[in-house]
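Output the structure for:
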Amino acid sequence: MLLVNDHLLKQAWPGFVTGKLSDVAGLVAAPALLALLFWRRADLVATVLTGALFAAVKTTETGAELASQAWTLVAGPSRVLADPTDLLALPALALAWWVRRRTLHHPASARWRIIVTMPLAVLAVTATGAAAPPLSAEAVEVDGSRIHVHTNLGSGMTSADGGRTWTDTTDDEDARGQSAQCVPHQATRCYQVLKDRLGVEQSDDSGNTWRTVWAPSGDELERLTRQHDDASALRSLSLAVQPQEGGHIVVVANGVDGITVRDTSDTWRRVGWPGAEPAEVDLGSERSVALFLAACMVFGAAGAGLRQFTVLYTGFAMAACLGLLLLFSADSVFGLMSFLEPPFSLFGLLAGLSCGVVCLVLAIVGRARPLPAAVGVLAAPLVYLGAYLPFEGWSRGAPGSYGVAVAVAVLATGLVVLASAAVIRNDARRASSYFAGSSTSSPT
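Numbers count the residues shown, from 1 in each chain. Alright, predicted model coming up:
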């Protein structure tokens with residue numbers, strides 16, 4: 001029931017019944033699964049614990065957030081929402097207990113049945129934790145002085161002042177948006193959305209020729225793509241034109257990016273989702289590179305002060321840095337193959353830690369000079385900040401160009417590395433002159 005409901009019925013008939021059906025089926029299956037975690041038979045404990053956890057998740061934001069994180073570890077990116085109305089499914093625990101009582105005096109099931117059934121049961125339960133579809137602006141309609149934007153989740157937004165302010169509403173009917181429309185009482189001026197991407201075209205000759213009047217720049221589109229998991233959902237779907245005093249306005253439904261408004265002064269403005277915080281720009285790859293460079297700074301500076309085992313230390317240091325890079329970038333490298341991410345992350349962690357321990361031992365045995373090691377430890381945070389902060393600024397619009405962020409990161413990181421190398425080189429010269437002088441001095 002869980003598998004069929006989550007993967008078929010919810011998509012075909014979303015609503016109260018299919019939503020609660022998953023809760024009922026999950027509460028029947030969960031106690032039997034939870035009981036397997038105990039060393040001895042503990043059916044009552046498992047049933048009561050299932051009910052308590054379910055109530056905590058559905059009635060508290062903290063419980064819902066913890067459940068979201070747990071489901072994400074088990075089944076990939078997931079979002080569990082607190083909904084007290086789901087407590088209506090709690091009587092299903094009585095059905096689970098009745099099943100337990102019915103089977104209590106039956107012969108034990110064959111082991112092969114358990115082996116075959118358990119993976120299906122776990123898959124079915126984790127299916128209920130799948131992430132909800134992202135909010136998407138699907139259609140725009142004009143009703144007199146009001147503009148309605150409809151979403152895919154049965155909600156909407158309404159503006160009564162030409163798109164300057166918006167209020168949340170509930171959709172009671174199917175949206176009937178259109179992808180093109182001409183200005184009322186001005187048939188020569190028309191607008192249409194671009195196909196399969198964000199943007200709007202305008203025609204001033206009743207649709208004979210078209211030109212793009214609004215579309216995000218390359219850097220804006222890159223930021224938007226990193227804000228949303230599904231880049232294909234970034235496209236303009238519908239628009240509506242509303243006459244206003246002194247001109248007209250255009251409101252565009254842009255899928256997961258929300259809405260865009262053209263005011264009477266012919267200025268286009270991305271509104272997004274009014275009143276909501278914009279999604280964070282994914283800087284995982286840039287963060288991974290910054291951490292990798294910081295690790296290289298620590299190991300490289302310490303290795304520059306070694307008196308022995310330089311070659312051996314260099315090999316293990318490279319292995320440690322590469323292992324850490326694999327750990328840091330596992331999500332971005334294996335994002336399309338999420339089942340590979342946990343083992344590669346674990347491998348990177350073990351490789352980085354083990355090789356790092358070997359490097360520490362070699363640094364001690366090889367009598368590494370303390371100043372280069374101290375320079376590496378102090379310079380590593382500066383390397384990380386120099387390599388990462390320009391991209392953090394780019395994600396917020398300053399600098400506006402990704403290429404400028406790359407140039408600033410390279411310059412800042414290079415300055416830190418050069419300054420550290422100068423200090424380490426000066427220390428090496430002093431050490432060389434000291435040992436040279438010691439070898440020619442007379443014993444006292």
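
Going by C-alpha atoms from here, please, whenever you check contacts or count neighbours.
Noted.

For the stretch 101-250 of the chain, which segments count as strands?
137-143, 146-151, 155-159, 167-170, 180-183, 186-193, 200-203, 211-214, 238-244, 247-253 (DSSP state E, counting those that start in this stretch).

what pLDDT does Leu224 get?
At Leu224, the model reports a pLDDT of 88.

tell me the domain boundaries of the protein?
According to automatic domain parsing, the chain comprises the domains 2-127, 137-272, 284-440.

can I get these in JSON lines with distance to Pro278?
Putting these into JSON lines (distance: least, CA to CA, whole Å) gives the following:
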{"stretch": "domain 2-127", "distance to Pro278": "18"}
{"stretch": "domain 137-272", "distance to Pro278": "8"}
{"stretch": "domain 284-440", "distance to Pro278": "10"}
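
rank those domains by pLDDT, which is bottom?
domain 2-127 (a mean of 74).

mind checking how far the longest helix seen in the chain is from the chain centre?
Taking DSSP state H as the criterion, the chain has its longest helix at helix 402-440. Its chain's average C-alpha position is 37 Å from that of helix 402-440, according to CA atoms, centre = their mean, to the nearest Å.

Which neighbouring elements make contact with it?
helix 284-304, helix 370-395 (3 or more CA pairs under 8 Å, 6 or more residues apart in numbering; DSSP states H and E).

Dump the C-alpha coordinates for the shortest one into PDB.
Written as PDB, here are the backbone C-alpha positions of helix 284-304 (Å, rounded to 0.1, in the frame of the first residue of the first chain):
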ATOM      1  CA  GLY A 284      29.600  23.200  -2.600                       C
ATOM      2  CA  SER A 285      32.300  22.800  -5.200                       C
ATOM      3  CA  GLU A 286      33.900  26.200  -4.400                       C
ATOM      4  CA  ARG A 287      33.800  25.300  -0.700                       C
ATOM      5  CA  SER A 288      35.500  21.900  -1.400                       C
ATOM      6  CA  VAL A 289      38.300  23.600  -3.400                       C
ATOM      7  CA  ALA A 290      38.800  26.100  -0.600                       C
ATOM      8  CA  LEU A 291      39.100  23.400   2.000                       C
ATOM      9  CA  PHE A 292      41.400  21.400  -0.200                       C
ATOM     10  CA  LEU A 293      43.700  24.400  -0.600                       C
ATOM     11  CA  ALA A 294      43.700  25.100   3.100                       C
ATOM     12  CA  ALA A 295      44.700  21.400   3.800                       C
ATOM     13  CA  CYS A 296      47.400  21.700   1.200                       C
ATOM     14  CA  MET A 297      48.700  24.800   3.000                       C
ATOM     15  CA  VAL A 298      49.000  23.000   6.300                       C
ATOM     16  CA  PHE A 299      50.700  19.900   4.900                       C
ATOM     17  CA  GLY A 300      52.900  21.800   2.500                       C
ATOM     18  CA  ALA A 301      54.200  24.300   5.000                       C
ATOM     19  CA  ALA A 302      54.900  21.600   7.600                       C
ATOM     20  CA  GLY A 303      56.700  19.500   4.900                       C
ATOM     21  CA  ALA A 304      58.900  22.500   3.900                       C
END
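
Which strands and helices lie in contact with it?
helix 310-328, helix 330-333, helix 341-365, helix 370-395, helix 402-440.

how about the helices and strands packed on helix 402-440 in CSV, adding distance to Gly63 and mean neighbour count?
CSV is the format used below for the helices and strands packed on helix 402-440 (distance: least, CA to CA, whole Å; neighbours: other CA atoms under 10 Å):
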stretch, distance to Gly63, mean neighbour count
helix 284-304, 27, 22
helix 370-395, 31, 21
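
between those helices, which gets nearest to Thr167?
Nearest of these to Thr167, taken as CA to CA: helix 370-395 at 27.8 Å.

so the closest one versus helix 284-304, what angle?
Per axes from the mean of the first three to the mean of the last three CA atoms, to 10 degrees, the angle that helix 370-395 makes with helix 284-304 is 170 degrees.

now helix 370-395 against helix 402-440, angle please.
Using the same axes, to 10 degrees: helix 370-395 against helix 402-440 is 180 degrees.

thinking again about what came up before, would you list the strands of the stretch 101-250 of the chain in JSON lines and tack on mean neighbour count?
Shown next, in JSON lines, are those (neighbours: other CA atoms under 10 Å):
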{"stretch": "strand 137-143", "mean neighbour count": "23"}
{"stretch": "strand 146-151", "mean neighbour count": "23"}
{"stretch": "strand 155-159", "mean neighbour count": "20"}
{"stretch": "strand 167-170", "mean neighbour count": "13"}
{"stretch": "strand 180-183", "mean neighbour count": "19"}
{"stretch": "strand 186-193", "mean neighbour count": "19"}
{"stretch": "strand 200-203", "mean neighbour count": "20"}
{"stretch": "strand 211-214", "mean neighbour count": "14"}
{"stretch": "strand 238-244", "mean neighbour count": "22"}
{"stretch": "strand 247-253", "mean neighbour count": "23"}
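
Any chance of the ones you listed in JSON lines with distance to Leu90 as columns?
Shown next, in JSON lines, are those (distance: least, CA to CA, whole Å):
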{"stretch": "strand 137-143", "distance to Leu90": "35"}
{"stretch": "strand 146-151", "distance to Leu90": "31"}
{"stretch": "strand 155-159", "distance to Leu90": "28"}
{"stretch": "strand 167-170", "distance to Leu90": "28"}
{"stretch": "strand 180-183", "distance to Leu90": "49"}
{"stretch": "strand 186-193", "distance to Leu90": "47"}
{"stretch": "strand 200-203", "distance to Leu90": "50"}
{"stretch": "strand 211-214", "distance to Leu90": "51"}
{"stretch": "strand 238-244", "distance to Leu90": "42"}
{"stretch": "strand 247-253", "distance to Leu90": "40"}
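
so how far is the first residue of stretch 300-309 from its last?
14 Å (CA to CA, to the nearest Å).

circling back to that earlier point, want to try a markdown table for the helices and strands packed on helix 284-304, with distance to Gly284 as columns?
Output for the helices and strands packed on helix 284-304, formatted as a markdown table (distance: least, CA to CA, whole Å):
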| stretch | distance to Gly284 |
| --- | --- |
| helix 310-328 | 8 |
| helix 330-333 | 7 |
| helix 341-365 | 14 |
| helix 370-395 | 10 |
| helix 402-440 | 15 |
